[in-house]
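*Asks:* Need the 3D shape of this:
(chains A, B, C and D)
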Number of protein chains: 2
Amino acid sequence: MNMGDRGATPGALDAQGEQGTQDPSGDGLPPTAWAVLGLLSFPGERTGYELKKWADSSLRFFYWSPAISQIYAELRRLEARGYVTSRRSGPEEPRAKRAYAITEAGRTALGRWADSGHDAGTPVLKHPLLLRVWLGHLASPGHLRTLVEEHIARTEGELKEVRDALARADGVEAWGHPQIALRWSERRLLSELDLAKAMLGDLEELGPGA
Amino acid sequence: MNMGDRGATPGALDAQGEQGTQDPSGDGLPPTAWAVLGLLSFPGERTGYELKKWADSSLRFFYWSPAISQIYAELRRLEARGYVTSRRSGPEEPRAKRAYAITEAGRTALGRWADSGHDAGTPVLKHPLLLRVWLGHLASPGHLRTLVEEHIARTEGELKEVRDALARADGVEAWGHPQIALRWSERRLLSELDLAKAMLGDLEELGPGA
DNA sequence: TCCCACATGTAAGATGTTACATGATTTA
DNA sequence: TAAATCATGTAACATCTTACATGTGGGA
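*Replies:* All right, here's what the predicted structure looks like:
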């Protein structure tokens, strides 16, 4: 029983060229840099710390939750390119900090990026629970069940967070696109819950008890 | 209008400790190594090349599609640990290759991993299309629409692949858990299609025309 | 007064990709 | 006989995380 020889798409193993997170605008920036620049495309200036908080309360649900140290690194890179400028806080402000703002060049590059490519890139899903299920013959059935239930609980928590974010976004003008992304996330998490419950049923059918 | 100061979960920005792909078994192996070892937990020996093909036709849909060079690297690491052994093909075989098999130590470690943790790890989703939508104010509405439609087409292709894999799996004995993961993937892709269509509607509502 | 949030970074290391290099065998 | 698939690796590089290091300001 050789399970390995069931190639679905016979396409070449190498040359998998275009990865899901590539940059079709030809600007050579990593996806993280575009996301940071995108955050700065909204009016106002922000510190790296604020950017991180914002990403954690919005982009996190469908894209990305970077380490704070990486935000700072990307900001430096963007500044070196001239896509953002920074300003040290003066003595009038209580805290010493560095606030970043997008430049005209940055806005131009970002616009090019936003309109480039007929393909946004392949979504990447890495779902450790599913790996555990796939390898379910190795674990006790009860353990698998526990893991799925834990996943359901976490997903419910995330759903609540998305709904809170949606409630906060309500009323802010010109907030359209971010809200659509949040709505997508809400529906997605609802579906994730359905999926998990259906899988619980499949698991039960396979090996009852536990 | 400072949109950055809307932190949802006020939890510490640093110390985000446990990442979605961590190893709770305490064995210190990266997630990729467990996946490779998991592939080898099914009966029979396999080459790195076969492992890559197999991953691409199954694990890819919910977990992972590694570079072939990384498979080879992980196999070397696992062999150094004594979790797998390899055998060069003899002259009786037409092709020169190296086939790997799991050892008892490997099976023990993998069993420990499979039963460890009350939490399989946070799923990671990186969806470039959603980043584009979130930053929709930067693109022309028609372009956004094109991207969503492209995503729908790709997803339909993936759905077909999963269904093919499911059809191939049908009839193989003791194939239970992998099939459950594939069924989950089928439902997930169906939902992804729904999500995209609903988003198309939201987008239309926001800015008609294009 | 103590803790938490604010705020910014450096250094080391892990993970993973792409490009390169090579060659045999099978299939059209 | 040409192309695709089988098959294995190295080297360079990009990305990203964790741990470390440091300090201020505000609230309980």
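*Asks:* What helices and strands are in contact with the worst-scoring helix or strand of chain A on mean pLDDT?
*Replies:* Here the helix or strand of chain A ranked lowest by mean pLDDT, DSSP states H and E is helix A:141-169, holding a mean of 94. Of the remaining helices and strands, those touching helix A:141-169 by 3 or more C-beta pairs under 8 Å, 6 or more residues apart in numbering or on different chains; DSSP states H and E are helix A:128-134, helix A:176-206. All C-beta atoms are positioned from the backbone trio N, CA, C, and that covers glycine.
*Asks:* Tell me which other helices or strands the first one touches.
*Replies:* What that stands for is helix A:128-134. Contacts defined by 3+ C-beta pairs under 8 Å, 6+ apart place helix A:128-134 against helix A:141-169, helix B:31-39, helix B:176-206.
*Asks:* which residues sit in contact with the residue nearest to the spatial centre of chain A?
*Replies:* By C-alpha atoms, centre = their mean, chain A has its centre lying nearest to residue A:63, at 1.3 Å. Residue A:63 makes contacts with A:35, B:125-128, B:130-131, B:134, as judged by C-beta atoms under 8 Å, 6 or more residues apart in numbering or on different chains.
*Asks:* could you redo the last one with a cut-off of 10 Å?
*Replies:* Listed by C-beta atoms under 10 Å, 6 or more residues apart in numbering or on different chains, the contact set of residue A:63 reads A:21, A:31-32, A:35, A:38, A:55, A:123, A:181, A:185, B:125-132, B:134.
*Asks:* now swap in residue A:155 and tell me
*Replies:* So residue A:155 contacts A:188-193, A:195-196, B:123 (C-beta under 10 Å, 6+ apart).
*Asks:* Also residue A:203?
*Replies:* Residue A:203 touches A:133, A:136, A:141, A:144-145, A:148, A:210, B:176-177, B:180, counting by C-beta under 10 Å, 6+ apart.
*Asks:* switch the cut-off to 8 Å
*Replies:* A:133, A:136, A:141, A:144-145, A:148, B:180.
*Asks:* Mind putting the residues you listed into a markdown table with distance to DNA strand C?
*Replies:* Compiled in a markdown table, the contacts of residue A:203 are given as follows (distance: C-beta to the nearest atom of the strand, whole Å):
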| residue | distance to DNA strand C |
| --- | --- |
| A:133 | 19 |
| A:136 | 22 |
| A:141 | 28 |
| A:144 | 23 |
| A:145 | 27 |
| A:148 | 23 |
| B:180 | 24 |
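*Asks:* most surrounded residue in these?
*Replies:* residue A:144 (27 neighbours; other C-beta atoms under 10 Å in any protein chain shown).
*Asks:* Now do the closest residue to that one other than its chain neighbours against DNA strand D, distance only.
*Replies:* Among residues not flanking residue A:144 along the chain, residue A:136 sits closest, at 5.5 Å (C-beta to C-beta, 6 or more residues apart in numbering or on different chains). Residue A:136 is 26 Å from DNA strand D, where distance means C-beta to the nearest atom of the strand, to the nearest Å.
*Asks:* How about residue A:113, nearest residue that isn't a chain neighbour?
*Replies:* Residue A:113's closest residue in space is residue A:25 (C-beta to C-beta, 6+ apart), at 4.0 Å.
*Asks:* List the contacts of the one you found.
*Replies:* Contacts for residue A:25 (C-beta under 8 Å, 6+ apart) come out as A:109, A:112-113, A:116-117.
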